[in-house]
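Chemist: Build me a model:
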Amino acid sequence: MTIHIKKPIRAVIIALFIMLIACSCNSTGKINANAIEPKAPESKKVKEIKEAKESKEDKEIIKENKSAQGEIDFPFKPTPSQINKNILILGIDARKNEPARADTIILVNIRNDKVNFISIPRDTLIKLKGKGTHKINASYAFGGIGLCKSTIEDLLDTKIDNYLVFNFKAIQKGVDALGGFTVTIPQTIKIRDRELNKCFTLKKGSIKLNGIQTLEYLRYRSDGKGDIGRVYRQQEFIKDLQSSFLKLENVPLIPKAYLAIRDDIKTDMDASDMASYFISGYKLRNNFEYHTLKGYSKFIDKVSYYILYQSSIKSIKDVLK
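Modeler: Residues are numbered from 1 along each chain as shown. Model (predicted):
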């Protein structure tokens with residue numbers, strides 16, 4: 001791994017501290033930007049004039065900082081800068097006697113006002129540098145994170161700032177460490193995994209899954225929709241994660257989950273990066289948007305590929321600008 005346990009825990013502590021300040025600010029309506037120093041007693045008249053002035057300033061600050069949801073943000077704001085960061089998230093399905101392939105590919109685009117989740121179907125037909133024509137998930141098998149990053153950067157004409165790669169076992173371990181995870185299943189499905197010798201039925205509706213059930217649900221492809229159906233379930237999983245996990249009271253659970261999955265992830269993010277992204281995600285938790293590169297399935301030499309529409313590629317490029 002690129003990072004060790006101390007750094008992620010420090011990132012969580014930093015995020016928790018700042019989030020606590022934010023919640024305190026929102027509940028009281030204001031927070032002082034400067035420390036208060038002892039001063040000599042003021043006359044009653046001077047005090048009344050000062051309080052009237054502060055009250056007027058507070059009202060102006062509150063008026064200026066009301067969000068679309070009617071909430072109040074920090075009353076003191078630095079000069080805004082344009083944020084446009086891309087994090088590549090890869091889910092690696094490493095099977096016996098096969099090179100690891102990137103079976104889940106999501107580009108997370110963080111901006112000032114929203115977070116875009118862009119799913120790239122794993123069967124997407126692509127030309128890999130020096131390797132010819134392949135499915136995009138083979139980019140990781142041929143060249144690791146380097147080739148996978150450059151392939152997506154070329155495809156979408158963008159720059160990837162950081163990455164997070166996780167083995168699918170991390171989902172199983174993380175969910176079990178948290179005592180299960182509740183997801184919303186649109187229709188009853190029967191799952192059979194010959195490799196893991198597992199067979200079970202997941203009923204329609206809101207249901208709490210353990211680690212192996214969650215993993216199998218996210219890998220499931222036998223609903224007639226293939227990889228696109230799986231992309232949809234992954235996006236719904238993120239939405240469930242968003243609604244149930246991005247809450248202040250759940251922040252202390254992050255170190256526990258990290259301890260369970262640390263051997264199955266790798267990243268180039270340091271503590272500062274993680275804290276910054278976490279805080280941005282928390283503040284924008286009501287402004288997540290989901291996108292999928294669109295196309296159609298086609299057999300070429302008896303192999304099924306997903307051919308992207310050029311209009312869809314252009315549309316996603318516009319999202320990333």
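
Chemist: pretty sure Phe237 is in a helix, no?
Modeler: Yes - counting by DSSP: H, G, I helix; E, B strand; the rest coil, Phe237 falls inside a helix.

Chemist: ok so Asp240 is a helix residue?
Modeler: Yes - applying three-state DSSP, one finds Asp240 inside a helix.

Chemist: I figured it was touching Ile185, is that so?
Modeler: No - applying Cβ atoms under 8 Å, one finds Asp240 not in contact with Ile185, separated by 10.2 Å. (C-beta placed from N, C-alpha, C; glycine too.)

Chemist: Show me which residues of the helix or strand containing Ser311 are buried.
Modeler: Element membership for Ser311 (DSSP states H and E) is helix 310-320. Buried residues in helix 310-320, defined by neighbour count with 16 or more other Cβ atoms under 10 Å: 313, 316, 319-320.

Chemist: Likewise for stretch 150-159?
Modeler: Applying 16+ other Cβ under 10 Å to stretch 150-159 flags 151-152, 155-156, 158 as buried.

Chemist: Can you give the contact residues for it?
Modeler: Stretch 150-159 is contacted from outside by 86, 88, 105, 107, 118, 120, 126, 128-129, 136, 139, 160, 313, 316-317, 320, using Cβ atoms under 8 Å, 6 or more residues apart in numbering.

Chemist: Asn84 versus the spatially closest residue to Ser280 that is not a sequence neighbour, what's the distance?
Modeler: Excluding the flanking residues, the one nearest Ser280 by Cβ to Cβ, 6 or more residues apart in numbering is Ile110, at 5.2 Å. For Ile110, the distance to Asn84 (Cβ to Cβ, to the nearest Å) stands at 8 Å.

Chemist: With Lys283 instead?
Modeler: From Lys283 over to Asn84 (counting by Cβ to Cβ), the distance is 16 Å.

Chemist: ditto for Gly174
Modeler: From Gly174 to Asn84 the distance is 29 Å (Cβ to Cβ).

Chemist: For those two, indicate the residue with more neighbours.
Modeler: Gly174 (23 against 13; other Cβ atoms under 10 Å).

Chemist: check contacts around the more buried one.
Modeler: Gly174 neighbours (Cβ under 8 Å, 6+ apart): 211, 257, 260-261.

Chemist: go again using 6 Å as the cut-off
Modeler: Residues counted as contacts of Gly174 (Cβ atoms under 6 Å, 6 or more residues apart in numbering) are 257, 260-261.

Chemist: Likewise for His134?
Modeler: Taking Cβ under 6 Å, 6+ apart, one finds Leu128 in contact with His134.

Chemist: how does it look with 10 Å?
Modeler: Counting by Cβ atoms under 10 Å, 6 or more residues apart in numbering, His134 makes contact with 124-128, 141-142, 151, 303, 305.

Chemist: go on, Tyr277?
Modeler: With Cβ under 10 Å, 6+ apart, Tyr277 has these contacts: 11, 15, 85, 87, 108, 110, 115, 161-162, 164, 269.

Chemist: Among those residues, which one sits closest to Arg101?
Modeler: Leu164 (16.6 Å; Cβ to Cβ).

Chemist: Tell me, how many residues neighbour the closest residue to that closest one other than its chain neighbours?
Modeler: Computed as Cβ to Cβ, 6+ apart, the closest residue to Leu164 that is not its neighbour in sequence is Thr267, at 4.6 Å. By other Cβ under 10 Å, 19 other residues sit near Thr267.

Chemist: do Asn210 as well
Modeler: Asn210: 13 neighbours (other Cβ under 10 Å).

Chemist: re earlier: what do Ile110 and Asn84 both touch?
Modeler: Asp161.

Chemist: give me every residue that touches the closest residue to Asn167 other than its chain neighbours.
Modeler: In this structure, Asn167 finds its nearest non-sequential neighbour in Asp264, 4.1 Å apart by Cβ to Cβ, 6+ apart. Contact analysis of Asp264 by Cβ under 10 Å, 6+ apart lists 1, 92, 94, 165-174.

Chemist: now those: which count as buried?
Modeler: Among the contacts of Asp264, those scoring as buried are 92, 165-174 (criterion: 16+ other Cβ under 10 Å).
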